[in-house]
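In: generate coordinates for the sequence data below:
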Amino acid sequence: MRIRRAERARWRQVPAGMRDQTAAEVAARRRAEERLRETFARWGYHEVATPAVEFYETFLHGAGPGVGDRLLKLVDADGEVLALRPEMTVPLARLAATRLLPGGEGPLRLAYVAPVFRGQERGSGRHREFTQAGVELIGAAGWRGDAEVIALAADALRAVGLTDAAISVGHAGFLRGLLATLPDGAAETARELLYRRAFAELEAAVPPGPALEALRSLPVLRGPTALARAELLAHAAESREALAALAAVLEGVEAHAPSVRVEVDLGLIRDFDYYSGIVFEAHGPAAGLPLLGGGRYDDLLARFGHPAPATGFAIGVDRVLDVLDCAPASRPTVAVRYEDQAYRQAVRVALVLRRAGLAVVALPDGAAGPLAACTVRVGPDTTVVSGAAGEVATAFDDVLVVVRAALETRA
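Out: Now for the predicted structure:
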């Protein structure tokens, strides 16, 4: 007789693609987020926020019908179909087009740090909830804006400790020019194959000719000679213009940050169809997926009623933390231990120390507690600080001075 094992109760688990985070993980993420915020602010970008939930049609309207399968959807009490935001560019484009640009002057420099949600394929290993941090430069046309956001992206990665990331830069117009020479059905199929990097299947979908030759070459159109090699394949005017624009952006990034590792990658295809010009990603040596991605999307704001050129990027904060040694520099903890009859005095000592910016736990003698930088023992008549000089204090100010000295000694 075969006995069926009882399935584990769902209430003991979290949904696929979701995860809990420990105190150490949260501390590391918060520290990274604050460094990113500081970096964005130094470049003149101001943080804004949008709702986590928007109308389902907002994302279809902004990102195209192909985004529908990637949305986590819900229905409210009135029957409206809503969706959790899968990224931040569409919500910020809506905000800028409907509220910010009509009432003011551009360009806008917007920043954000926010959770986003996606319906990933089962078994893909990707999270369905993760944090993005990024910027949008709205109202600035041309290569100078692209150079600025790419240099800022590199600076942001350095700020969180990634000094060896490489940024790959391409241009959506190069591929668009190649695909424009194909029949509509073949062009769409080819684009999908290229996004999946299924280059071996191109010959079955694309008629023989210069376009097929160029598309088959995309995987190797990268590195210092990529632009020169691509010029020989750029038969369409849009492809040639894209290469000229890309060369200008590379010069602009070098002016901002000569040490940034940037390489051309004309096979780079971003995962949302609103990108119209420069596109870029950053990769680290230990990262299997891009650490950040972005590009120019000059046509997106027009979909929300106010045309404006725009460019930006988003950093996957969780991906960055996964490749870094992110043991947090935790705040030293002070343990205030007290005898039963000294409870009120111990609580007052703890209050003084917390107001001084120290992390404090108050515990009765003998109770288990965290590993502390020093311990303050409070009795009915005296307060003893151990773990440093072992001094005795009789007033709260004396306790504060002693504990500060103890923590500085251990720093």
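
In: give me the distance between residue 166 and residue 314.
Out: Residue 166 is 18 Å from residue 314, where distance means C-beta to C-beta, to the nearest Å. Using the backbone N, CA and C atoms, a C-beta is placed for each residue, glycine as well.

In: between the two, which one's more packed in?
Out: residue 314 (22 against 16; other C-beta atoms under 10 Å).

In: you'd agree that one is up against residue 87?
Out: Yes: at 6.5 Å, residue 314 counts as touching residue 87 under the criterion of C-beta atoms under 8 Å.

In: shared neighbours, the two?
Out: Shared contacts of residue 314 and residue 87 (C-beta atoms under 8 Å, 6 or more residues apart in numbering): residue 132.

In: residue 298 in helix, strand or coil?
Out: Taking DSSP: H, G, I helix; E, B strand; the rest coil as the rule, one finds residue 298 in the coil state.

In: that one contacts residue 277, doesn't it?
Out: Yes: contact criterion C-beta under 8 Å: residue 298 and residue 277 qualify, at 6.5 Å.

In: which of those two has more neighbours?
Out: More crowded of residue 298 and residue 277, by other C-beta under 10 Å: residue 277, with 26 against 16.

In: gap between that one and residue 14?
Out: Applying C-beta to C-beta, the value for residue 277 to residue 14 is 39 Å.

In: please apply the same query to residue 160.
Out: 26 Å.

In: any idea of the mean pLDDT in stretch 265-279?
Out: Mean per-residue pLDDT for stretch 265-279: 85.

In: just the buried positions in it, please.
Out: 265-270, 272-279 (16 or more other C-beta atoms under 10 Å).

In: for stretch 248-260, same thing?
Out: Buried residues in stretch 248-260 (16+ other C-beta under 10 Å): 248-250, 252-253, 257, 260.

In: out of these, who's nearest residue 310?
Out: residue 249 (15.2 Å; C-beta to C-beta).

In: give me the element residue 109 is part of.
Out: strand 108-117 (DSSP states H and E).

In: next SSE after that strand?
Out: Next helix or strand after strand 108-117 toward the C-terminus (DSSP H and E): strand 129-138.

In: tell me how far the helix or strand just after that next one lies from the chain's centre.
Out: Sequence-wise, the next helix or strand downstream of strand 129-138 (DSSP H and E) is helix 143-159. For helix 143-159, the separation from the chain centroid amounts to 14 Å (computed by C-alpha atoms, centre = their mean, to the nearest Å).

In: show me what counts as buried in helix 143-159.
Out: 143, 145-159.

In: what's the helix or strand just after it in contact with?
Out: The helix or strand immediately downstream of helix 143-159 is strand 166-171, counting by DSSP H and E. Under the contact criterion C-beta under 8 Å, 6+ apart, strand 166-171 has outside partners 150, 153-154, 222, 242-243, 245-246, 249-250, 253, 260-269, 277-284.

In: in strands, which of these fall?
Out: Those of the contacts of strand 166-171 mapping onto strands are 262-264, 278-283, per DSSP state E.

In: could I get those as TSV with distance to residue 320?
Out: TSV is the format used below for the ones in strands among the contacts of strand 166-171 (distance: C-beta to C-beta, whole Å):
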residue	distance to residue 320
262	18
263	20
264	24
278	22
279	20
280	16
281	13
282	9
283	12
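
In: quick check: the farthest pair among the residues you listed?
Out: Spatial extent of the ones in strands among the contacts of strand 166-171 (C-beta to C-beta) is set by the pair 278 and 283 at 17.0 Å.

In: which stretches of this structure form helices?
Out: With DSSP state H, the ranges of helices along the chain come out as 23-42, 56-63, 89-95, 143-159, 172-179, 184-195, 202-205, 210-217, 226-231, 237-256, 317-323, 343-355, 396-410.

In: now those as TSV including distance to residue 128 and mean pLDDT?
Out: Converted to TSV, these look like this (distance: least, C-beta to C-beta, whole Å; pLDDT from 0 to 100):
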stretch	distance to residue 128	mean pLDDT
helix 23-42	17	93
helix 56-63	15	92
helix 89-95	18	96
helix 143-159	24	96
helix 172-179	27	89
helix 184-195	20	80
helix 202-205	31	80
helix 210-217	33	85
helix 226-231	35	92
helix 237-256	33	94
helix 317-323	11	90
helix 343-355	37	85
helix 396-410	41	63
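
In: residue 306 is nearest to which of those helices?
Out: helix 89-95 (9.2 Å).

In: so which of residue 160 and residue 14 has more stuff around it?
Out: Shown here are residue 160 and residue 14; by other C-beta under 10 Å, residue 160 has more neighbours (23 against 10).

In: tell me how far the residue nearest to that one when sequence neighbours are not counted lies from residue 157.
Out: Residue nearest to residue 160 in three dimensions, not counting chain neighbours: residue 32, with 4.7 Å by C-beta to C-beta, 6 or more residues apart in numbering. Distance, residue 32 to residue 157, by C-beta to C-beta: 11 Å.

In: anything in contact with each of these two?
Out: Contacts common to residue 32 and residue 157, judged by C-beta under 8 Å, 6+ apart, are residue 320.

In: returning to what we had before: adding distance to residue 384, write the helices of the chain out as TSV.
Out: Shown next, in TSV, are those (distance: least, C-beta to C-beta, whole Å):
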stretch	distance to residue 384
helix 23-42	29
helix 56-63	61
helix 89-95	56
helix 143-159	42
helix 172-179	68
helix 184-195	67
helix 202-205	77
helix 210-217	76
helix 226-231	69
helix 237-256	56
helix 317-323	40
helix 343-355	11
helix 396-410	9
